[in-house]
Every structure is written in structure tokens, then in C-alpha cells.
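> output the structure for:
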Amino acid sequence: MTRRSQLSSVCVLLLLVLLAGRQQAAAKKYAAIFNFGDSLVDAGNLVVDGIPDYLATAKLPYGMTYFGYPTGRCSDGRLVVDFIAQELGLPLLPPSKAKNATFHYGANFAITGATALDREYFVAKGLGKTIWSSGSLHTQIQWLQEMKPKICKSPEECKDLFRRSLFIVGEFGGNDYNSPLFAFQPLEEVHKFVPDIINSIGEGIEKLIAEGAVELVVPGVLPIGCFPVYLSIFRKQADGYGAKSGCIKDLNTLSWVHNVALQRKIAQLREKHAGAGVRIMYADYYTPAIQFVLHAEKWGMLKQKPRACCGAPGVGVYNFNLTSKCGEPGAYACEDASNHWSWDGIHLTEAAYGHIARGWLYGPFAEPAIVETRNHQ
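All right, here's what the predicted structure looks like:
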């Protein structure tokens, strides 16, 4: 064996050791995961009690990539929380409403349509017809509280379990903004929702800390101006689109404003709970999604304007049609979902979620990263 080949073998061995060490450290981290959110992380709560005929997301080709059948996940396969659970050596989280499920390793309380704010907030603003909230953040926390007798023998035992668990809180906000957006309110009016949404998320984090949570991941929102559903509905003049991305600039600004405000709120909560051993991690959906658009080849994706893998021709080049959405007659799935980031024009593909999950776990899409900056036990 030549010296060069010996060095190559040593490098490969070191790399394998590092990867094994990283996975071993990750696997030892948490006793359970408790996840909250909307359709980005719903693992089936919406369909536990039966599948309505109108619900296309509970039909093939949803679920085709990993499970081979629809599970209630709004993707072709796994979601961010699924990748995180597997990387941490835990089973996929059952939907919290699942019958005959065990929740000793955690539960997924997320449900499609969830909002940060309670439904009454939108009704009071005359937006009852454009909100479909099947369980707000605070409702989901109530579900957790109601579940406690099933997973713990005492309040002290629950506190201990929660201290050793990872809580993923969101994202929340996307559906809150959809309510005024889809009512076609002026964007300056939509921006006025930001403080209330952020405060509601902050209140939810405080409730979970009071329950015993000390490790919390709080994601921001996606750049909604890059998604085919918005690109199809909100038509702009040429200067309203990003020259390189093709995304709607003012909608992405709304997402950016939300994320800045959320990070400010997280900083306040970190300071407030600094002496209690609480670690709050900001998780970034925005940056990776923008990178999928601008630097698609880096992620093994096709270089193209935002385009749904699963859909039907509609307005523009986005393969999105409100009258023939993914799972409905006339829609079809692309041959290879792994080279697309947008699954159905609203949600992401398994491939995209996998990249985001790894960025949250090990960086650079979380501040701090879930795994790398924690002392492993």
C-alpha cells in the first residue's frame, strides 16, 4: 500500500469515527420529543378520526416516497420532526390523537391549519371565514396537559421527563398570516398581526417552561413569497419579484419581519430564564428554503423557478392549480421528488425537510444547533 493510499484510508476511518460519534452523541440526548405545529409537521392528527372526502392530503401520492401510502403528512415522505427523531435514536412520534398509541417517547400535537392565535382573535377581526384552525398553539399545549396522566404517574415524574425531552414549538404564524392575506387585506394591515402572533408564541413557550421544558426549538416561518400557492394567487408587476429567485419580494419581507421579531422574543425569554438552565434554539426555515431556490444544484435539486413537484398546470410556470391540487383529479407527481424542494406548492418535499433537519441538528440552520453545542451525557 502506498503512502497516499494509507493516508486516504486513515482519513476515511477518521471520518467514519466522527460520524459514528456524532450519531452516538445525538442518540443519547433526549428521552422524548414533544412536537407542536401546523401542516408542516402534522403526522396525522387531522385524519385520526377519519378522512373527509375533500382532504386530498390524505390520498396518494402523499406519502409515496418513504411510507408508500398516505399518513396524513403533507409531503411525499418524512417531515423535519421525523428526521430529528430518527437521528436522535427515537421512534417516529405518533399523532397525539392516535388510538392505542404509546407516548412514552413523546407525541406530535401538530395539526393541519393550526395557528399561534386562538380562533376568537380572527373572528373578532371579521376573519372567521378565512381561518381554519383545528387547534391553536395553546390548544395543543392543553392537549399535552391532558395527556400527562397517560405518560407519568405524578406531576414530579412529568417534570422530570419534560426536563429530559426536546420540545419543538412550531412553526406557528403561517396560517395566522394566511387569514388576512387570503381575505386580500392590504399588506400593511397584515404586518399589524406580527406583534400579537409573536406574543402568543412567547406565551406558549412560557407555558411549556412552566410544565418543565428546558430544551425548546422555536422555528421561524418560511419565505412564503417563494411558494407556488402564493405566486399563483398574488400576481405582481415585474419589479415585485426577486430578479434571481422569482419570489414575491413583499411577501418574503413579511416572513423576514416575523422571524426578526421572533428572534427578539427568544432573546428576551433566554435572558428571563437564564438561571434556570433553559435553552431556547431558534430554528431557521427561511434561509434553507431561499437556498433551495437560489442554489438548487448545491442541494441536488433542479435549477428552476419555484415549481411544485405534485400539481397541475395553472397560472404561470408553478405547476399549481387551485382547482386541481396534489391528490385531486388532474394533478400528478413529478418522477423524482428528491430533486424538487416544493412538494405540492404549499409544503416541502422529504428531501428538503431532510436538509433542513440536519441544519437544525448540527448547524448552520439553528442558533444554537440542537446537538453540537450541548454537553452530551
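
> helices of the stretch 251-377 of the chain, start to end?
286-294, 350-362 (DSSP state H, counting those that start in this stretch).

> any chance of the ones you listed in JSON lines, plus mean neighbour count, mean pLDDT and distance to Thr57?
C-beta here means a position set from N, CA and C on the backbone, and glycine is covered the same way. Putting the helices of the stretch 251-377 of the chain into JSON lines (neighbours: other C-beta atoms under 10 Å; pLDDT from 0 to 100; distance: least, C-beta to C-beta, whole Å) gives the following:
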{"stretch": "helix 286-294", "mean neighbour count": "20", "mean pLDDT": "98", "distance to Thr57": "20"}
{"stretch": "helix 350-362", "mean neighbour count": "23", "mean pLDDT": "98", "distance to Thr57": "14"}
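
> minimum distance to Val218: which of those has it?
Between Val218 and the helices of the stretch 251-377 of the chain, the tightest spacing by C-beta to C-beta is seen for helix 350-362, at 10.9 Å.

> turn the helices of the stretch 251-377 of the chain into JSON lines, columns for distance to Val260.
Listed next are the helices of the stretch 251-377 of the chain as JSON lines, based on distance: least, C-beta to C-beta, whole Å:
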{"stretch": "helix 286-294", "distance to Val260": "10"}
{"stretch": "helix 350-362", "distance to Val260": "19"}
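
> now do the helices in the stretch 101-250 of the chain.
For the stretch 101-250 of the chain, the helices defined by DSSP H, counting those that start in this stretch cover 119-124, 137-151, 155-163, 174-182, 187-191, 194-211, 228-233, 249-272.

> tabulate those in JSON lines, adding columns for mean pLDDT.
Converted to JSON lines, the helices of the stretch 101-250 of the chain look like this (pLDDT from 0 to 100):
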{"stretch": "helix 119-124", "mean pLDDT": "96"}
{"stretch": "helix 137-151", "mean pLDDT": "97"}
{"stretch": "helix 155-163", "mean pLDDT": "97"}
{"stretch": "helix 174-182", "mean pLDDT": "97"}
{"stretch": "helix 187-191", "mean pLDDT": "98"}
{"stretch": "helix 194-211", "mean pLDDT": "98"}
{"stretch": "helix 228-233", "mean pLDDT": "98"}
{"stretch": "helix 249-272", "mean pLDDT": "98"}
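
> among the helices of the stretch 251-377 of the chain, which comes closest to Cys309?
With C-beta to C-beta as the measure, helix 350-362 is the member of these nearest Cys309 (9.6 Å).

> quick one: distance of that closest one to the chain centre.
Its chain's C-alpha centre and that of helix 350-362 lie 10 Å apart, by C-alpha atoms, centre = their mean, to the nearest Å.

> can you check stretch 91-109 too?
18 Å.

> what does stretch 309-327 give?
22 Å.

> and the helices of the stretch 251-377 of the chain: which comes nearest Lys159?
Taking the helices of the stretch 251-377 of the chain one by one with C-beta to C-beta, helix 350-362 is closest: 25.5 Å.

> quick one: that closest one to helix 286-294, angle?
Angle, helix 350-362 to helix 286-294, by axes from the mean of the first three to the mean of the last three C-alpha atoms, to 10 degrees: 140 degrees.

> counting contacts, what elements does helix 350-362 pack onto?
The elements that helix 350-362 packs onto, with contact taken as 3 or more C-beta pairs under 8 Å, 6 or more residues apart in numbering; DSSP states H and E, are helix 80-87, helix 286-294.
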